[in-house]
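K.L.:
Need coordinates for the below:
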Amino acid sequence: MNREQLIAAMQSTADEKPRPVEVPGWGKVFVRSLTVAEADAGDEQQMEQDKKNRRRLARGAARVLCDEKGNRLFDPENDADVDMLAKQPWKLLRNILADPEDSKPKGN
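P.N.:
So this is what the prediction gives:
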């Protein structure tokens, strides 16, 4: 793959649509992928917040839970939103945080 082909491929993945995830007890929710820019911006803030209250997974869920258009449903900087997510059963929240690509057979 040359540079132009790689850039074309990256341009097509830069606008990834939210994907539905079926969560028992909650129904269908939508999850979007974090961009590299969001991960970079959130790393320093998240590390400081995590030192204070250890809500890394709840903040991560707040960053990716969205509506069908990709708009966040929870604010990762809002303590009430993060507390609500932190109180959820791990078995439900991990469905949101899991990368669906990890469960696909390799080589397909």
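
K.L.:
mind listing what the closest residue to Asp75 other than its chain neighbours touches?
P.N.:
In space, and not counting its chain neighbours, Asp75 is closest to Asp81: 5.1 Å by CB to CB, 6 or more residues apart in numbering. All C-beta atoms are positioned from the backbone trio N, CA, C, and that covers glycine. Residues near Asp81 by CB atoms under 8 Å, 6 or more residues apart in numbering: 62, 74-75.

K.L.:
Give me the ChimeraX select line for these, limited to the buried ones.
P.N.:
Selecting only the buried entries of the contacts of Asp81 in ChimeraX, with 16 or more other CB atoms under 10 Å as the criterion:
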select :62,74
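
K.L.:
Show me what counts as buried in stretch 24-44.
P.N.:
In stretch 24-44, counting by 16+ other CB under 10 Å, buried: 29-33, 42.

K.L.:
What distance do you get for Pro24 to Gln88?
P.N.:
According to CB to CB, to the nearest Å, Pro24 stands 12 Å off from Gln88.

K.L.:
Residue nearest the middle of the protein, spatially speaking?
P.N.:
Centroid-nearest residue in the chain: Val64, 3.0 Å away (criterion: CA atoms, centre = their mean).

K.L.:
re the thing from before, sort out which of the contacts of Asp81 are in helices and list them.
P.N.:
In this view, the contacts of Asp81 that belong to helices under DSSP state H are Ala62.

K.L.:
got a markdown table for the contacts of Asp81, with distance to Ile96 and pLDDT too?
P.N.:
Listed next are the contacts of Asp81 as a markdown table, based on distance: CB to CB, whole Å; pLDDT from 0 to 100:
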| residue | distance to Ile96 | pLDDT |
| --- | --- | --- |
| Ala62 | 10 | 90 |
| Phe74 | 11 | 92 |
| Asp75 | 16 | 93 |
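
K.L.:
quick one: secondary structure of the spatially closest residue to Arg55 that is not a sequence neighbour?
P.N.:
In this structure, Arg55 finds its nearest non-sequential neighbour in Val82, 5.0 Å apart by CB to CB, 6+ apart. When classified by DSSP: H, G, I helix; E, B strand; the rest coil, Val82 comes out as helix.

K.L.:
Go ahead and confirm Val82 touches Leu65.
P.N.:
No. Between Val82 and Leu65 there is no contact under CB atoms under 8 Å: 11.7 Å.
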